[in-house]
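Q: What follows is a predicted structure for the sequence shown.
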Amino acid sequence: MVDLIRTARLLVKQTRKQARVMVELSEPFSEFVANTAESCNAKVFLSRLAQEGVSLDALGLQILVGGSGGKATRDLMLLSAKLDEFLHVDFPVIISSLGAPSKTIAEANGWWREPWDERRQDQWAKQILWIALSKPFVDAVIWTDLYDYKTMKLPTGGYISIKGKPRPVLKRVLAMQKLLRKPLGPLVLPARGEASQNE
């Protein structure tokens, strides 16, 4: 796999020198390792890339919950800890696909606090977006799908339903984007002695 990525990177750079190369990990928890011969987990894979001198411009991570095939629902603390494992990679991390379903797909896939619905999807997105954006090594976060369609990786995970109705999560993300566009301004510390007088 490392040789394949090295070759693909060289071909991309030969075709377009300014192009950027990103490798995407679709299952950062690496559950497939138990069932797939000659596979390795994400940490080992990235270590092999580094040892072989394969440089990347970015690492993409898919964080999808509530689905099957490595997309089971996980606790927010566990998701945060998994993100922290990528702190020491030598290139920017992009959450290339973040999402949760707007209705429970199967009970075996789990849910967050209560069975999935549009309100639960919105609340989960609020929490995980702040967690992901708080990581200094995460350069960008991208929601899984704009709209629902029949063959999507995470059914009902889009901003817009298959009937064309916007979900609350879309409004949430737009509000967060608007909030983050405002500059925080300069840091103003209280004058000496001022803090103790106010207490």
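A: Happy to help now that I have it.
Q: which residues touch the biggest helix by length in the chain?
A: Criterion DSSP state H: the longest helix present in the chain is helix 118-134. Here helix 118-134 makes contact (Cβ atoms under 8 Å, 6 or more residues apart in numbering) with 63, 65, 76, 79-80, 83, 95, 98, 100-103, 111-114, 138, 141, 143, 157, 167-169, 171-173, 176, 180. C-beta: built from backbone N, CA, C; applies to glycine.
Q: Now, those that are in helices?
A: Checked against DSSP H, the contacts of helix 118-134 include these in helices: 76, 79-80, 83, 168-169, 171-173, 176, 180.
Q: Name the residues of the longest helix of the chain that are buried.
A: Residues 118, 120-126, 128-129, 131-132 are the ones in helix 118-134 that count as buried (16 or more other Cβ atoms under 10 Å).
Q: so can I have CSV of those residues showing distance to Gln51?
A: Below are the buried residues of helix 118-134 laid out as CSV (distance: Cβ to Cβ, whole Å):
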residue, distance to Gln51
Glu118, 45
Arg120, 42
Gln121, 40
Asp122, 42
Gln123, 41
Trp124, 37
Ala125, 37
Lys126, 39
Ile128, 32
Leu129, 34
Ile131, 30
Ala132, 28
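Q: now the end-to-end length of stretch 64-71.
A: End-to-end distance for stretch 64-71, by Cα to Cα, to the nearest Å: 5 Å.
Q: what does it rub up against?
A: Outside stretch 64-71, the residues within contact range by Cβ under 8 Å, 6+ apart are 26-27, 29-32, 72-74, 79, 97-101, 104-106, 108-112, 116, 124, 144, 153-155, 157.
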